[in-house]
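Enquirer: Take this sequence and fold it.
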Amino acid sequence: MQIKEVRMLDITKPETTVDLRTLDRQLRVLRTATQAAIDVLDERQRQIEKEDWTEQHDDEHDDESMAAAAACYAMPRRIGQNMRIPPEAWPDSWADKWWKPKDRRRDLVRAAALLVAEIERIDRAALRGERHD
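Expert: Numbering: from 1, shown residues only. Sure thing, here's the model as predicted:
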């Protein structure tokens, strides 16, 4: 008997059926993931669990504000820049209190996690038949 699919528990979703090729690809990615990649995925999980930035919440940000916020965190810092004030590119739809810069690496991890959230939002929209160019 050949196994064609495996039931697997995804910590962010109810039980999901995944074919073996997908499972193998996921395991290969996990085995070769760098600390940076793991930190990005950990930050994304923190955003979901601690900030309650669920799929439904993220889907409301169809103004690309997650990408804009990510760009702000990824921007190089300038000498004399007041890091307590959000950059000019900070999304208008986000309160200033959400601008929480830390050290350079942490800000880049946060930026990457926000980009992952934006990509996931676009993917879900595409599944619903919505177009995002």
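Enquirer: how far is the helix or strand harbouring residue 21 from where the chain is centred?
Expert: Taking DSSP states H and E as the criterion, residue 21 maps to helix 20-32. Distance, stretch centre to chain centre, for helix 20-32: 19 Å (C-alpha atoms, centre = their mean, to the nearest Å).
Enquirer: Next, the contact list for residue 73, please.
Expert: 101, 107-108, 110-111, 114 (C-beta atoms under 8 Å, 6 or more residues apart in numbering). (Glycine included, C-beta is placed from N, CA and C.)
Enquirer: among those, which are in strands?
Expert: For the contacts of residue 73, not one is inside strands, with DSSP state E as the criterion.
Enquirer: In JSON lines, list these along with pLDDT and neighbour count.
Expert: Converted to JSON lines, the contacts of residue 73 look like this (pLDDT from 0 to 100; neighbours: other C-beta atoms under 10 Å):
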{"residue": "101", "pLDDT": "93", "neighbour count": "16"}
{"residue": "107", "pLDDT": "95", "neighbour count": "19"}
{"residue": "108", "pLDDT": "97", "neighbour count": "16"}
{"residue": "110", "pLDDT": "97", "neighbour count": "24"}
{"residue": "111", "pLDDT": "97", "neighbour count": "20"}
{"residue": "114", "pLDDT": "97", "neighbour count": "27"}
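Enquirer: Kindly reformat those as CSV containing distance to residue 71.
Expert: As requested, these are exported to CSV (distance: C-beta to C-beta, whole Å):
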residue, distance to residue 71
101, 13
107, 11
108, 12
110, 12
111, 7
114, 9
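Enquirer: can you pull out the helices in the chain?
Expert: Taking DSSP state H to define them, one finds helices in the chain at 20-32, 35-49, 55-59, 65-74, 104-127.
Enquirer: If we go by neighbour counts, what in the longest one is buried?
Expert: The one in question is helix 104-127. Neighbour-count burial for helix 104-127, counted by 16 or more other C-beta atoms under 10 Å, picks out 107-118, 120-122.
Enquirer: just the third one next, same as before
Expert: Residues residue 58 are the ones in helix 55-59 that count as buried (16+ other C-beta under 10 Å).
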